[in-house]
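# Everything below, folded, please.
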Amino acid sequence: MTGEASFPCRLCGSHNLQFYFALGNDGRFRYYRCPDCALVNYDLAQGLDQEQYSLEFIDPTDDQARRNLDKDQSWAFIQRQLPGPGRLLDIGCGTGRLLYLAQRAGWQAKGLELSAPMAAFVRDKLGVEVVVGDFLATEPAPGDAAAYDVVCLRHVLEHLPDGLGAMARIRALLRPGGYFLAEMPNVEAWSKRWRRLAERAGLHRRRFPENFVAGHCNEYSRRSFQELCRRSGFELLRWETYSKKPLANWLLNRVPIGTKARALARLA
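Reported below is the predicted structural model:
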């Protein structure tokens, strides 16, 4: 279960990828780390399951819903880090909670959503514009080019095989000096490092459903995300990790060792 990959790094093009970890009961879903840029690349030849993430129609206006908490944290982060009301685009907007919070604070908000039923749900609930489409295959609408102060991509980037292509599209949507908010798993979280170490030592073995297929194309750390920004004409301003638990969140915002990361970059 070692050795080099048969494909180049999808970020820097290096052919020196080294086996990093595997998923699945038989270990056939393999991830390879690039020593040059630190991106962890999944071997897409083994198949990809992007349908494993079920739709949950949670009321975006419900301030008490626990499943809205992570979006509330995202919005609080935006308010702390960015200047006042502007135009916001949420790619993969889901239930629309972030759109609702932005709209309530006086921002012009718009969503892009792959699921037509979810997009219809958000439009009906909030009366906000939500376009149905695949981000990497959808051309910007007239008036959207260089129109946004902030573009959000929350837990979407890891599902996209072409990170550089995604960043080019985000760049085209932002005004000069605009901001990009990204949220994604942190592949170098301490708990993940420990689990990989335990698995290599034979001290731990994860069990997967029999029909499991990997769903993440690329796994990011601060180093690889910063390199993605550099190659795309962005400056990484902040990288933090977070949790839904208040005390853990306070700590992980300051010591970035958690399993989920939040990053803010500015168009250079």
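
# got the contact list for stretch 76-89?
For stretch 76-89, the surrounding residues in contact (C-beta atoms under 8 Å, 6 or more residues apart in numbering) are 98-99, 102, 105-112, 144, 147-152, 173, 179, 181, 237-238, 262, 264. C-beta here means a position set from N, CA and C on the backbone, and glycine is covered the same way.

# can you give me the helices in the stretch 151-268 of the chain?
In the stretch 151-268 of the chain, the segments counted as helices under DSSP state H, counting those that start in this stretch are 163-173, 190-200, 222-232, 246-254.

# Tell me which of those helices approaches D26 most closely.
Between D26 and those, the shortest gap by C-beta to C-beta is with helix 190-200, which sits at 13.9 Å.

# tell me what that closest one is packed against?
strand 18-23 (3 or more C-beta pairs under 8 Å, 6 or more residues apart in numbering; DSSP states H and E).

# the inter-axis angle of the strand it packs on versus helix 190-200?
Interaxial angle of strand 18-23 relative to helix 190-200 (axes from the mean of the first three to the mean of the last three C-alpha atoms, to 10 degrees): 90 degrees.

# Turn the helices of the stretch 151-268 of the chain into TSV, columns for mean neighbour count.
Listed next are those as TSV, based on neighbours: other C-beta atoms under 10 Å:
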stretch	mean neighbour count
helix 163-173	18
helix 190-200	13
helix 222-232	19
helix 246-254	14
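
# longest helix anywhere in the protein?
The residue-count maximum for a helix in the chain (DSSP state H) belongs to helix 69-81.

# for that one, which positions count as buried?
For helix 69-81, the buried set under the neighbour-count rule, 16 or more other C-beta atoms under 10 Å, comprises L69, D70, K71, Q73, S74, W75, F77, I78.
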